[in-house]
Each structure stands twice: as C-alpha cells, then as structure tokens.
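Peer 1: show me the folded form of this:
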Amino acid sequence: MQKRSAGLVMYRIMNGELEVLLAHPGGPRWKNKDIGVWSIPKGELKPGEDQLLTAIREFTEETGFMPSEPYVYLGSIVQKSGKIVDAWAFEGNIDTSKSVSNTFKMEWPPHSGIRQEFPEIDRVEFFPVKEALLKINPAQAPLILELEKLLSDRLKNGSSIKKDN
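Peer 2: Model prediction:
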C-alpha cells in the first residue's frame with residue numbers, strides 16, 4: 001500500500017506579494033543542503049486518521065504553532081518515493097525564529113554506536129513564490145502553484161480566497 005502524508009501550506013501576503021512557509025529538514029544529513037530539500041510541514045497518516053487532522057497535527061508538531069481555519073484544499077501530489085501528499089492552505093503569520101519542532105533519534109556519526117537527538121525540522125521560513133519554487137522538493141511545487149492560482153484574484157484586487165474543502 002502506498003504511503004500517504006498530509007500537510008499545510010501557511011501563506012501570507014506582504015506588500016502585495018504571496019509568501020509561503022517552508023520547512024527545512026533537521027539532522028546532519030540535511031545540514032548543508034538547501035535547493036530542492038525544503039518542504040511543506042507534513043507527516044504520515046496514522047491508520048484511520050483523517051487527512052486534514054493529520055495535516056494540522058503535523059504542522060503543530062513541526063513548527064510549534066497551531067494553524068487556524070479556514071483551510072483550502074490544494075490537491076495531492078506524488079513524490080519521487082511514491083508517497084502521496086495531500087495539502088491544504090491557510091493564511092497566517094508567525095515569528096519563524098520562535099518555531100520549535102519535535103525531535104527524532106538516530107545513530108550519528110554512522111556506525112559509531114552513538115544515538116543523538118535532532119529536530120525533525122531545523123528551521124522554517126517564509127519565501128516569495130519564485131524562491132519557494134527553487135527551495136521546495138520539486139514534487140511539491142504544484143501545491144505552491146495551485147495556491148498562487150487560487151489567490152490570483154485576491155492578489156490583483158483584494159478579494160478573499162474561496163473555501164471549497
């Protein structure tokens with residue numbers, strides 16, 4: 001069975017420009033990687049768990065912030081690994097310097113027998129769409145483009161985004 005994840009895209013509009021919040025994976029393997037490795041805050045569904053509730057839980061665990069309604073469904077994508085990711089967007093603004101992520105343990109350095117703890121996400125940042133599309137895992141880029149499309153009228157004339165899921 002294919003693995004399935006769910007996530008949230010927090011966005012804000014600053015000086016008429018759409019910005020999205022992306023998360024950089026934590027741990028030593030990702031420390032010096034940047035382009036193409038950022039992600040929306042997301043995580044795997046537990047058996048029988050609702051997708052939107054998973055997205056909310058994962059966003060909270062990975063950023064330390066509680067998201068808020070309304071949530072707008074952006075669709076689903078398939079990552080290179082075959083994992084399906086469903087995503088919703090919501091408007092918000094946070095002080096990214098106050099972000100706190102859950103942690104994981106792994107043997108580091110490899111084959112050392114030493115287990116160390118690392119944050120699942122080592123930082124989150126807002127990026128304008130053009131930059132976000134460079135930073136994000138390429139498979140997730142369509143989610144950002146869909147959000148931009150949904151907000152195009154609002155960006156032009158200030159109207160609100162329509163909630164459909």
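Peer 1: from the centroid of this protein, which residue is nearest?
Peer 2: With the centre of the chain defined as its mean C-alpha position, the nearest residue by Cα atoms, centre = their mean is Ile40, 1.3 Å away.
Peer 1: my guess is Ala141 contacts Leu133. True?
Peer 2: Yes: between Ala141 and Leu133 there is a contact at 5.3 Å, judged by Cβ atoms under 8 Å. Heads up, the C-betas are built off the backbone N, CA and C, glycines and all.
Peer 1: what do those two both touch?
Peer 2: With contacts taken as Cβ atoms under 8 Å, 6 or more residues apart in numbering, Ala141 and Leu133 have no neighbour in common.
Peer 1: Glu69 and Phe118, how far apart?
Peer 2: According to Cβ to Cβ, to the nearest Å, Glu69 and Phe118 sit 32 Å apart.
Peer 1: these two: who's more crowded?
Peer 2: Taking neighbours as other Cβ atoms under 10 Å, Glu69 and Phe118 compare with Phe118 leading, 19 against 10.
Peer 1: show me what the helix or strand harbouring the more buried one is packed against.
Peer 2: With the criterion set as DSSP states H and E, the secondary-structure element containing Phe118 is strand 115-119. Strand 115-119 makes packing contacts with strand 103-107 when contacts are defined by 3 or more Cβ pairs under 8 Å, 6 or more residues apart in numbering; DSSP states H and E.
Peer 1: tilt between the strand it packs on and strand 115-119?
Peer 2: Following axes from the mean of the first three to the mean of the last three Cα atoms, to 10 degrees, one obtains 150 degrees for the angle between strand 103-107 and strand 115-119.
Peer 1: and the strand ranked longest in the chain, average pLDDT?
Peer 2: Using DSSP state E to assign secondary structure, the strand with the most residues in the chain is strand 4-14. Averaging pLDDT along strand 4-14 yields 96.
Peer 1: likewise stretch 146-154?
Peer 2: 92.
Peer 1: buried residues, it. List them.
Peer 2: 146-148, 150-151 (16 or more other Cβ atoms under 10 Å).
Peer 1: strands along the protein, start to end?
Peer 2: Assigned by DSSP E, the chain shows strands spanning 4-14, 17-25, 42-44, 72-78, 84-91, 103-107, 115-119, 121-128.
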